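sequence plus predicted model, see below.
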Amino acid sequence: MDLTVFLVMLVSAATQAGWNVILKIRLDPFSALVLVGICGGVAALPFALWFGLPGLDVLPWIGLSVCCHLSYYAFIIGAYSRADLGMAYPVARGSALLMTAGISIFIMGEAISPVGMVGILLLASSILLVGRHAFDRHALGHALEGRALLLALGSGVAATAFTIVDGTAARVTGQANLYTTWLFVADAVVITILLLSWKGRRAVAPLLTFLPWGLLGGTMLFVSYWLSVWAMTQAPIGLVTAVRESSVLFGAILSVTLLREPLRADRVIAAFLVVSGLALIKLF
């Protein structure tokens, strides 16, 4: 992977971890996803207007991606309601990484060397290691039993879908910047409409209390994904996704330093796997 693309994706991974940790301090998962989704659109709007209105060749891609994003939100919120975030999220992201890499290699025909494949597997292993309790037969009654596991895997399928759609759209249209900015605006509009239709105006007031944190988190999410979509026009989608999921390393660092969570052995091992996987991908 080109050094510039590699470094850009590390920045994307760091900001991805950052917004998750910031909102973990303040909000429940549902409110965090809604607030960040809306604020991400607010952050994207000035850039979207600067790039101009999307053409007819871009709009169908945006519509398809919004549907995939909404499916992801529905699945992951359902999983969070039945399992801890620390267990559901790794299953969702780890499965998405493996599925995205598989589609990238075997269906889209993107060339990834054996070294790159090993790097992807190491990164996927690090994510699943962090959420290994999801597969502990003694913890299944409290973690990802039945429906929760299916919902977490469903969110992985949805994440795979919007990753492939967004990467392909950016390549086909040749307008990665315009596409990503308007995608975030469209996401925010649809999320707002659905929130008001479902819970009414009373749902807005509690979110306004955390608006500064939401704007910060939304901006970080927007920047993270904007960089990711651009990178998918420069490198294989499977490798880009793998490097972005190294956010598990940054998340572990921030959890220990900011949230004062214990430095467990599994996090140290996961960090080693991430660094090893990144090194192999950089060599690809």
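Nice, thanks for sending it over.

check contacts around S155.
Neighbouring residues of S155 by C-beta atoms under 8 Å, 6 or more residues apart in numbering: Y72, F75, I76, A79, A88, A92, A96. C-beta coordinates here come from the backbone N, C-alpha and C atoms, glycine included.

correct me, but the last one touches T160?
Yes: A96 is within contact range of T160, at 5.0 Å (criterion: C-beta atoms under 8 Å).

which one of the contacts of S155 is nearest K199?
Nearest to K199 out of the contacts of S155 is I76 (C-beta to C-beta; 18.0 Å).

now the closest residue to that closest one other than its chain neighbours: how far from R244?
Residue nearest to I76 in three dimensions, not counting chain neighbours: S155, with 4.1 Å by C-beta to C-beta, 6 or more residues apart in numbering. For S155, the distance to R244 equals 16 Å [C-beta to C-beta, to the nearest Å].

do the same with A188
21 Å.

ditto for V190
Taking C-beta to C-beta, one finds V190 at 23 Å from R244.

how about I120?
Distance of I120 to R244, given as C-beta to C-beta: 12 Å.

so these two - more neighbours on which side?
I120 (28 against 24; other C-beta atoms under 10 Å).

ok, the more buried one - contacts?
Counting by C-beta under 8 Å, 6+ apart, I120 has contacts L97, L98, A101, I112, G238, L239, A242, G277, I281.

so who does W226 touch?
Contact analysis of W226 by C-beta under 8 Å, 6+ apart lists A44, N177, T180, T181.

could you redo the last one with a cut-off of 7 Å?
T180 (C-beta atoms under 7 Å, 6 or more residues apart in numbering).

which helix or which strand is home to it?
helix 211-231 (DSSP states H and E).

let me know the pLDDT of L98.
Here the pLDDT value assigned to L98 is 81.

once you drop chain neighbours, what's closest to it?
A124 (5.2 Å).

after the one helix or strand that neighbour maps to, next one along is what?
For A124, the host element (DSSP H and E) is helix 114-130. Using DSSP H and E, the helix or strand that directly follows helix 114-130 along the chain is helix 147-173.

give the buried residues for that following helix.
Residues of helix 147-173 classed as buried by neighbour count (16 or more other C-beta atoms under 10 Å): 148-149, 151-170, 173.

just the contacts of S155 now: which is nearest P29?
Using C-beta to C-beta, I76 comes nearest to P29 of the contacts of S155, at 7.7 Å.

mind checking how far the helix or strand hosting the closest one is from the chain centre?
Assigned by DSSP H and E, I76 belongs to helix 59-80. Taking the mean of its C-alpha atoms, helix 59-80 sits 12 Å from the chain's own mean (C-alpha atoms, centre = their mean, to the nearest Å).

any idea of the angle it forms with helix 147-173?
Relative orientation of helix 59-80 versus helix 147-173 (axes from the mean of the first three to the mean of the last three C-alpha atoms, to 10 degrees): 160 degrees.

following helix 59-80, which helix or strand shows up next?
That would be, after helix 59-80 and using DSSP H and E, helix 85-106.

could you check how far I103 is from P236?
In terms of C-beta to C-beta, I103 sits 11 Å off from P236.

more crowded one of these two?
Higher neighbour count among I103 and P236: P236, with 23 against 17, using other C-beta under 10 Å.

give the contact list for that one.
Applying C-beta under 7 Å, 6+ apart, the residues near P236 are S104, E110, I112.

considering those residues, which is situated nearest to V204?
Closest to V204, out of all of the contacts of P236 and judged by C-beta to C-beta, is S104, at 39.3 Å.

so which strand or helix has the residue lying closest to that closest one once chain neighbours are set aside?
Nearest residue to S104, sequence neighbours excluded (C-beta to C-beta, 6+ apart): G238, at 3.5 Å. Using DSSP H and E, G238 sits in helix 237-244.

and the closest residue to T160 other than its chain neighbours, how far is that from I105?
In space, T160 comes closest to M99 once its chain neighbours are excluded; the distance is 4.2 Å by C-beta to C-beta, 6+ apart. Going from M99 to I105 by C-beta to C-beta gives 11 Å.
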